[in-house]
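> any chance you could fold what I've pasted below:
(one chain, ligands or ions: 1)
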Amino acid sequence: MARYQPLEPARIDWRGHTPHSGRYGDIYFSRDDAVAETRHVFLQGNELPRRWRERDRFCIGETGFGTGLNLLCTLEAWLADAPATARLEYISVEKHPLSRADLARALAAWPQFTPLADALLAHYPPLVHGLHRRELLDGRVGLTLLFGDAEVMLADLEGRHIDAWYLDGFAPRRNPDMWTEGLFRHIARLSRAGASCATFTAAGAVRRGLQQAGFEMATRPGFGRKRDMLSGQLITSPDAPSPQPWFRYPDIKVSQRRAVIIGAGLAGCTTAHALAERGWRITLIERHAQPAQEASGNLAGVVMPRLTADMSAAGRFYLSAFLHTSHWLNQLKQRDPDLPWFQSGVLQLCDERQCQRMQALGLPSEVLEICDRENASERCGVATKQGGLFFPGGGWLEPPALCRWLLQDQADHIECILNQSALSLERADGQWRIHGEHGEIAGAETLIIANGYDAERLLGTDIFRLQKVRGQIAYLPATETSRNLKTPVCYDGYVIPAHQGLHCTGATYDLNDASPTVNEESQQQLLTNLRKALPVFKGTAVDGGRVAFRTSTQDHLPLIGPVPDERVYHDHYAELHHGRPARRYRPADYWPDLFLNVGHGSRGLSSCPLASAIIAHTLDQSVPAAGMDIINATHPARFLIRRLKHTPSQA
Ligand code: SAM
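Okay, here's the model as predicted:
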């Protein structure tokens, strides 16, 4: 499991224009002719470009991203002859990423790559442990950067995706943990049949290690002063038993790239958009007359992470999801400056002890700044009673406007069927058929259920443990002074800068309350909490509000992924409570082509885009949008598995 670790950035000693690693005492690339060396060792060593010419999709894996020079050389060669419809995936792992400034300085040595270097710099993620997914060059290239230790991060990936490997750690003598048997096993496990590998080193231990992992290795002439190098081809694909077979995603074999999605809230609209962008045709069914009328219907919502000091599964998920969402929104806004997304930063008020605990997470200042009271007030534009955490990448937006924008953006690929309730499902002749009050509403091979609380009724099960949580928000007409609020502020509630003359403050969390109407007592409570946190609101009054029911889960993580076949799970995993080794169990069985994206609670604005990317990448058989840690933590079968682990099957 890829546990969160604070990242230690690269320590670069500059020798003229050449970066040198202070930590490893080695060079990032040859001083003689680094570009020619990359072409010789990694491209020719993997028989590129010849091999990618034969393919519509090609995937490269790299150990040691460093300055990104190998990526840029690869992109240059790929762009020179790739057909317009071809896609390149590049997955690279890096334990000590360069800062953006060092990266820019290193890449400035190659003016011929300036446009590509600029594209990389514009997408370079903050230095945060985990998987960062980027789409480069108008979506023709997918870049997956895994920031963390190579063996740990590759262990967290699933699927045989990689066609060619660039093994580019520092020299084995100086950097032994980039050349371990464990790492070679993961390299083989993640390789497609017949994958190749190449490396600058000719060390015997590396050759033997790769042979043991299943590669046939050859020694070839090295570059420049290096006599030899190694290249190889995978000849035996290793068995790759899953550490948790009950969470293993199904092999996807879609024939139609058509899907029905039920529910046009944030989960449904982001999923529809993510799939439509990949060329899928979507039918979106919604029971209301407009999208985003329920939990996603508030006037404004906050995009921010939900950090936990221990970086629990929820902390890891919400940090990844937040980083993904804020980058995604910025990309959309570049395409359309009118997109109503305001990256103002978000302030979370908290005491000093809490601030110190969060500081220990070692997040870079572009993700988290610790503020004293004065700084906090300056950041948000009004006086605060305490300091707190400031997230510069956070912000706020109008969720219904985002949903409408997403559907409009892909209008050619998304058909909306409004005012229709999906009442029952049927699988016949390889198609899902969705029935409503007056018969069949729509059908397609693939179905994604994104209708919140109603998912359990529709699927006739209670294994998801969905909870309906009432949330009330209050609107406050802005005053002259309250308009100074520049950022959302969170305390034991939140308030958002004035939008259309109103501040939005919320939200209550009422577990056992089904009342659909705004109640006065909650309005007063929301106002009292707000005034306690931000005295500028002393002069404001409440004017209206809204109640919505969000769908939450017992562990506050959403349910994302394939829908388990409950009966088969009971059969296969009935013995789980005996604690037999995982490899004795067979991989999970699911309902065919059926996926779930629900349970985002009050955090859907931050979590839905990553959830949708996870589903879209899975259906598209692309490189995963998240590691197994996150896939398993949000898996729809997790409550069922927890139950089976503790008690014998009741089925
Ligand atoms: N491919 C790079 C380029 O094009 O600039 C050069 C890579 S450099 C030779 C080796 C890289 O491996 C360094 O960036 C180093 O930080 C990284 N590295 C070293 N140990 C690592 C580990 N255990 N896991 C992941 N990356 C590691």
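
> who in this structure is up against the ligand?
In this structure, the chain approaches the ligand at residues 10, 28-29, 64-70, 93-96, 149-150, 168-170, 175, 177-178, judged by CB under 6 Å from any ligand atom. C-beta here means a position set from N, CA and C on the backbone, and glycine is covered the same way.

> strands - which of those residues land there?
93, 94 (DSSP state E).

> filter the residues of the chain next to the ligand down to just the ones in helices.
69, 70, 150 (DSSP state H).

> can you redo those residues as CSV with distance to residue 568 and neighbour count?
Listed next are those as CSV, based on distance: CB to CB, whole Å; neighbours: other CB atoms under 10 Å:
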residue, distance to residue 568, neighbour count
69, 49, 23
70, 44, 26
150, 36, 26
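
> got those residues as a markdown table, with pLDDT columns?
As requested, these are exported to a markdown table (pLDDT from 0 to 100):
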| residue | pLDDT |
| --- | --- |
| 69 | 97 |
| 70 | 98 |
| 150 | 98 |
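
> pLDDT weak spots in the stretch 51-200 of the chain?
The stretch 51-200 of the chain contains no residues with pLDDT under 70.

> just to revisit the earlier point, buried subset of the residues of the chain next to the ligand, written for PyMOL?
Of the residues of the chain next to the ligand, the buried ones go into a single PyMOL selection, burial set by 16 or more other CB atoms under 10 Å:
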select buried, resi 10+28+29+64+65+66+67+68+69+70+93+94+95+96+149+150+168+169+170+175+178
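
> what residues are up against residue 189?
With contact set as CB atoms under 8 Å, 6 or more residues apart in numbering, residue 189 has these partners: 160, 238, 240.

> could you flag which of these are buried?
Here, 16+ other CB under 10 Å leaves residue 160 buried among the contacts of residue 189.

> can you redo the contacts of residue 189 as JSON lines with distance to residue 541 and secondary structure?
What follows is the contacts of residue 189, written out as JSON lines (distance: CB to CB, whole Å; DSSP: H, G, I helix; E, B strand; the rest coil):
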{"residue": "160", "distance to residue 541": "61", "secondary structure": "coil"}
{"residue": "238", "distance to residue 541": "67", "secondary structure": "coil"}
{"residue": "240", "distance to residue 541": "62", "secondary structure": "coil"}
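
> dump the contacts of residue 189 into CSV; add distance to residue 515 as well.
Converted to CSV, the contacts of residue 189 look like this (distance: CB to CB, whole Å):
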residue, distance to residue 515
160, 52
238, 57
240, 51
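
> pretty sure residue 103 sits against residue 68.
Yes: Residue 103 sits in contact with residue 68 when judged by CB atoms under 8 Å, with a separation of 6.6 Å.

> mutual contacts of these two, please.
Common neighbours of residue 103 and residue 68 (CB under 8 Å, 6+ apart) are residue 120.

> secondary structure element holding residue 498?
Using DSSP states H and E, residue 498 sits within strand 494-499.

> so what's residue 572 up against?
246, 585, 586, 588, 589 are the contacts of residue 572 under CB under 8 Å, 6+ apart.

> repeat for residue 160
Contacts of residue 160 (CB under 8 Å, 6+ apart): 189, 190, 191, 192, 193, 237, 240.

> could you dump the residues you listed to CSV with secondary structure?
Formatted as CSV, the contacts of residue 160 follow (DSSP: H, G, I helix; E, B strand; the rest coil):
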residue, secondary structure
189, helix
190, coil
191, strand
192, strand
193, strand
237, coil
240, coil
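
> mind checking which of these are buried?
Buried among the contacts of residue 160 (16+ other CB under 10 Å): 189, 190, 191.

> between these, which sits nearest residue 531?
If you rank the buried ones among the contacts of residue 160 by distance to residue 531 using CB to CB, residue 190 comes first, at 54.4 Å.

> now that closest one. Its backbone dihedrals?
phi -90, psi 0 (degrees, to the nearest 10).

> what subset of the contacts of residue 572 is buried?
Using 16+ other CB under 10 Å, the buried ones in the contacts of residue 572 are 246, 585, 588, 589.

> nearest to residue 260 among the ones in helices among the residues of the chain next to the ligand?
Using CB to CB, these come closest to residue 260 at residue 150, 40.3 Å.
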